[in-house]
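Participant: sequence plus the predicted model coming up.
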Amino acid sequence: MGIIVAIGGGEISELETLAIDQTIVDLTNKKNPKALFIPTASMDAEGYCDSFQLVYGDRLGCEIKHLLLAKNTYAPEEIEDMILSADLIYVGGGNTRKMLDIWREHGVDILLKQAYDSGVVLSGMSAGSICWYEYGHSDSEAFDNEGKWIYIKLKAMGILPGIHCPHYNEDNRETDFLEMVKGMNTTGIAIENHCAIIYKDDGYKVISSREQAKAYKIQEINQQMIVTEIEKHAEYNEIANM
């Protein structure tokens, strides 16, 4: 077992998730951990890389590397070394479908599972939180005729059970996610912006950078959709009791 921090959303460049980011760094138990940023979902956006350097490097004291799979060509052993030598890995947001396709092409999904098993702290926001679950509620497609996002169910890596919806308090995601979970026979995990869930071994804990930000569990029970807030506690609770 290992550690995963799934962040619902927020602007890292505006320090909106700074308290969460500090927790991620602290989870490595190292003063200056090696942090690997994987911005594949944004097609390696330069500004995103700069923001990660500003927060995790300049402010939080990490040694930063970027794995730019959309722009650069790497030998397989280079990718393996960058992933497995990191103390923490942060996956940025963007197009989840394209990101997962590129990862599978390069074997990054397999290496990330190895990193998880070896104790590397895995984290990420939006696409970077969806990827760890079995399935994701994703806006990786296009707009409909009314200008609203068309949400799709994506198969992800499956390290964590269930289907995940980030940005739960944005747009019409809440309504759409409940419809998606209906009939799936699995648990939905929804996380609002400025909120995150830490999964550590067999335990979990909800944290946030804004007090009002929340996370929820969605289940279909007796043909009724039940939405339950996942409460914040100082200590870890057993995942089996989530």
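Facilitator: Nice, I can see it. Numbers count the residues shown, from 1 in each chain.
Participant: relative to V5, how far out is K113?
Facilitator: Distance of K113 to V5, computed by CB to CB, to the nearest Å: 16 Å. In short, each C-beta sits where N, CA and C put it, glycine included.
Participant: these two: which has the busier surroundings?
Facilitator: Legend: neighbour count by other CB atoms under 10 Å for K113 and V5, higher for V5 (26 against 16).
Participant: list the residues that contact S126.
Facilitator: Counting by CB atoms under 8 Å, 6 or more residues apart in numbering, S126 makes contact with 7-9, 41, 92-94, 96, 166-167.
Participant: just the helices from the chain, written as ranges.
Facilitator: 18-26, 46-52, 76-84, 96-106, 108-117, 127-130, 173-181 (DSSP state H).
Participant: buried residues in the third one, which are they?
Facilitator: Yep, that's helix 76-84 we're talking about. For helix 76-84, the neighbour count (16 or more other CB atoms under 10 Å) marks 79-80, 82-83 as buried.
Participant: elements contacting that helix?
Facilitator: Here helix 76-84 touches helix 108-117, going by 3 or more CB pairs under 8 Å, 6 or more residues apart in numbering; DSSP states H and E.
Participant: list the buried residues for the helix it packs on?
Facilitator: 108-109, 111-113, 115-116.
Participant: quick one, it and helix 96-106 angle?
Facilitator: Relative orientation of helix 108-117 versus helix 96-106 (axes from the mean of the first three to the mean of the last three CA atoms, to 10 degrees): 90 degrees.
Participant: and stretch 7-19, how far from the chain's centre?
Facilitator: 12 Å (CA atoms, centre = their mean, to the nearest Å).
Participant: show residues contacting it.
Facilitator: Residues contacting stretch 7-19 (CB under 8 Å, 6+ apart): 20-21, 47, 51-52, 54-55, 59, 93, 123-126, 128-129, 166-168, 170, 190-196, 207-210, 213, 215.
Participant: and the gap between V25 and S51?
Facilitator: 15 Å.
Participant: more neighbours, those two?
Facilitator: V25 (24 against 19).
Participant: if I read this right, that one contacts L60, doesn't it?
Facilitator: Yes: contact criterion CB atoms under 8 Å: V25 and L60 qualify, at 4.9 Å.
Participant: thinking again about what came up before, let me have the helices of the chain in CSV, extended by distance to D201.
Facilitator: As requested, the helices of the chain are exported to CSV (distance: least, CB to CB, whole Å):
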stretch, distance to D201
helix 18-26, 16
helix 46-52, 27
helix 76-84, 20
helix 96-106, 25
helix 108-117, 11
helix 127-130, 19
helix 173-181, 26
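Participant: TSV please, covering these and showing mean pLDDT and distance to Y151.
Facilitator: Listed next are these as TSV, based on pLDDT from 0 to 100; distance: least, CB to CB, whole Å:
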stretch	mean pLDDT	distance to Y151
helix 18-26	98	24
helix 46-52	98	23
helix 76-84	98	29
helix 96-106	96	11
helix 108-117	98	22
helix 127-130	98	12
helix 173-181	94	5
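Participant: pretty sure A196 is touching L27, no?
Facilitator: No: judged on CB under 8 Å, A196 makes no contact with L27 at a distance of 11.3 Å.
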